[in-house]
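J.: need a 3D model of the following:
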Amino acid sequence: MSRPVESERLRALPPYAFAEIDARAAELRRQHVEVIDFGVGDPTIPTPGPIRRACREGVERYADAGYPAYAGAPFFRRAAADWLRRRHGVELSPETEITATIGSKEAVFHLPLAVCDPGDVVIVPSPGYPPYAAGARFAGAGTHPYGLFADRGFLPDLETLERSLPPRARLLWINYPNSPTGACATHDDLVRIAAFARRHDLLLASDEAYIDLWFGDRPAPSLLEVARERVVCFFSLSKRSAMTGYRVGFAAGDRELIGALRRLKTNLDSGVPTFIQSAAAEALADETHVEQMREEYREKRDRLCAAFERLGLLPARPAGSIYVWQPLPAGLDDREAARRLLRPDLAIVATPGSRLADPLPDGRNPGAGYLRFALVPPLHQVEEAVRRLTSIPWLDR
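T.: Coordinates of the predicted model:
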């Protein structure tokens, strides 16, 4: 009997979390039903005009640029360093402490390949971004999930984690503002997490893709504001500047970690096209469009969350990111709730929380009983969704 075509690593990956939902939404669209999609976090806001203009001009300016530099063009790394200084008050070397990335997903996925050996263990949040765990598995490392729960503010329970830390724990992932819970960490929270990582000789990786999308009185802090040694942070232009299709971001932090990522990258993929880096540098230089996007997300958050509160659900207004992590009534399964929302009279796509979380060692699934709504539909569709949610019964058990 022939061996399977797919490798063991690929076969070990869990099934695509959105397959069933996507298939049902596609069927509704074929029936000419207006589907309102809060599923995948892909902004529908157009990329701001000055950024698009910088991209067009970059095509001409760098017409003979050839292959892009793996680490990123010097002008882009300087733009990233300037932004980090203005936004977070930290000074990093563009030459050794910053590297360009193809968005942030590829770098997040590849980090364990650069720093983990087979048998090492990567500590990942649950619920959390799937590439944290998938990247570890492809690197031959194990994973150890820690739960994010409302009673802890969706922050790591460091005392519990300390008691269960595996012997070969190597890398700890955090993500604030958080996807999918919308929680934000304070400066003091990050100090405690950094101290925990130092105490246990862990490399500390912070996914900061939503760092500019905060709704409180103070900007969300970066881990780089409290620690640098054995720390790496990942930033993306995708959400802050509606540049998901451009695939550009950067990693910053400890020069040895940045060096490891660069060395891996030269053997694994390519650099970001230089003309796209010119658009990203323009985006990093401007905060006005980010303020406008933040206010638009805030308005969509407030309207959707107010509707859930009118339905008697627990308040769940996120402090940051672009997601609402809505708890459901006790006894209502999140997968069943997502199926109900896909009835033709509702036609709303939401993600079951249990599909975004790995079970903990004690068997609990921290995502069970939640629905995730990505605040990406335009405002008029959010208003229509509010009308449907509040006028058509769907919560009755």
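J.: hang on, S321 packs against L213?
T.: Yes: using C-beta atoms under 8 Å, S321 is in contact with L213, at 5.7 Å. Yep, even glycine has a C-beta here, placed from its N, CA and C like the rest.
J.: between these two, who's got more neighbours?
T.: S321 (30 against 24; other C-beta atoms under 10 Å).
J.: if we can go back for a sec, mutual contacts of S321 and L213, please.
T.: The contact sets of S321 and L213 overlap at P177 (C-beta atoms under 8 Å, 6 or more residues apart in numbering).
J.: not counting residues beside it along the chain, what's closest to G249?
T.: S236 (3.8 Å; C-beta to C-beta, 6 or more residues apart in numbering).
J.: now do the contacts for the one you found.
T.: G103, S104, A209, V248, G249.
J.: quick one: the helices in the stretch 51-200 of the chain?
T.: Under the criterion DSSP state H, counting those that start in this stretch, the stretch 51-200 of the chain contains helices at 74-88, 105-115, 131-138, 158-164, 187-199.
J.: E309 - nearest residue in space that isn't next to it in sequence?
T.: Counting by C-beta to C-beta, 6+ apart, E309 lies nearest to P315, which is 5.7 Å off, once chain neighbours are set aside.
J.: could you give the number of residues near the one you found?
T.: There are 10 residues near P315, going by other C-beta under 10 Å.
J.: over to A23?
T.: By the criterion of other C-beta under 10 Å, A23 has 10 neighbours.
J.: over to it: give its phi and psi.
T.: The phi/psi pair for A23 (degrees, to the nearest 10) reads phi -60, psi -40.
J.: again, but for the one 3 residues further on
T.: Taking degrees, to the nearest 10, you get phi -60, psi -40 for the backbone angles of A26.
J.: please report how far it lies from A73.
T.: For A26, the distance to A73 equals 40 Å [C-beta to C-beta, to the nearest Å].
J.: could you do G41 as well?
T.: G41 sits 28 Å away from A73, going by C-beta to C-beta.
J.: quick check, pLDDT for Y16.
T.: With respect to pLDDT, Y16 scores 66.
J.: from now on call the first residue 51
T.: Sure, I'll start numbering at 51, so the last one becomes Y66.
J.: quick one: strands adjacent to the strand or helix carrying A302?
T.: The secondary structure element spanning A302 is strand 299-303 (assigned by DSSP states H and E). Sheet neighbours of strand 299-303, with direction, are listed as strand 148-151 (antiparallel), strand 281-286 (antiparallel) (DSSP bridges).
J.: neighbours around G192, how many?
T.: Residues near G192, counting by other C-beta under 10 Å, number 18.
J.: residue contacts, it?
T.: G192 touches G169, D170, V171, V172, A186, P216, R218, counting by C-beta under 8 Å, 6+ apart.
J.: are we agreed that E306 is in a strand?
T.: No: read with DSSP: H, G, I helix; E, B strand; the rest coil, E306 is helix and lies in no strand.
J.: how about it, nearest residue that isn't a chain neighbour?
T.: Residue nearest to E306 in three dimensions, not counting chain neighbours: R280, with 7.9 Å by C-beta to C-beta, 6+ apart.
J.: check contacts around the one you found.
T.: Going by C-beta under 8 Å, 6+ apart, R280 touches A247, R248, L252, L253, L254, D304, E306, L307.
J.: how about a cut-off of 10 Å?
T.: Neighbouring residues of R280 by C-beta atoms under 10 Å, 6 or more residues apart in numbering: 165, 221, 244, 247-248, 251-255, 303-304, 306-307.
J.: in TSV, list the helices of the stretch 101-250 of the chain along with distance to H430.
T.: Shown next, in TSV, are the helices of the stretch 101-250 of the chain (distance: least, C-beta to C-beta, whole Å):
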stretch	distance to H430
helix 124-138	32
helix 155-165	30
helix 181-188	33
helix 208-214	43
helix 237-249	37
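J.: number of residues surrounding R74?
T.: Using other C-beta under 10 Å: R74 sits among 18 other residues.
J.: go ahead and confirm it touches A388.
T.: Yes: the criterion here is C-beta atoms under 10 Å, and R74 meets it with A388 at 9.2 Å.
J.: returning to that earlier point: buried subset of the contacts of R280, written for PyMOL?
T.: Buried residues among the contacts of R280 (16 or more other C-beta atoms under 10 Å), as a PyMOL selection:
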select buried, resi 165+221+244+247+252+253+254+255+303+304+307
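J.: follow-up on the earlier one: how far out from the middle of the chain is the strand holding A302?
T.: In terms of C-alpha atoms, centre = their mean, to the nearest Å, the centre of strand 299-303 is set 14 Å apart from its chain centre.
J.: how about that strand as PDB, C-alpha atoms only?
T.: Below are the C-alpha coordinates for strand 299-303, written out as PDB (Å, rounded to 0.1, in the frame of the first residue of the first chain):
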ATOM      1  CA  GLY A 299       5.100  43.800   8.600                       C
ATOM      2  CA  PHE A 300       8.200  43.600  10.700                       C
ATOM      3  CA  ALA A 301       9.800  41.900  13.700                       C
ATOM      4  CA  ALA A 302      11.700  43.800  16.400                       C
ATOM      5  CA  GLY A 303      13.600  43.000  19.500                       C
END
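J.: any idea how far D446 is from R390?
T.: Distance of D446 to R390, given as C-beta to C-beta: 9 Å.
J.: for P96, same thing?
T.: Counting by C-beta to C-beta, the gap from P96 to R390 is 32 Å.
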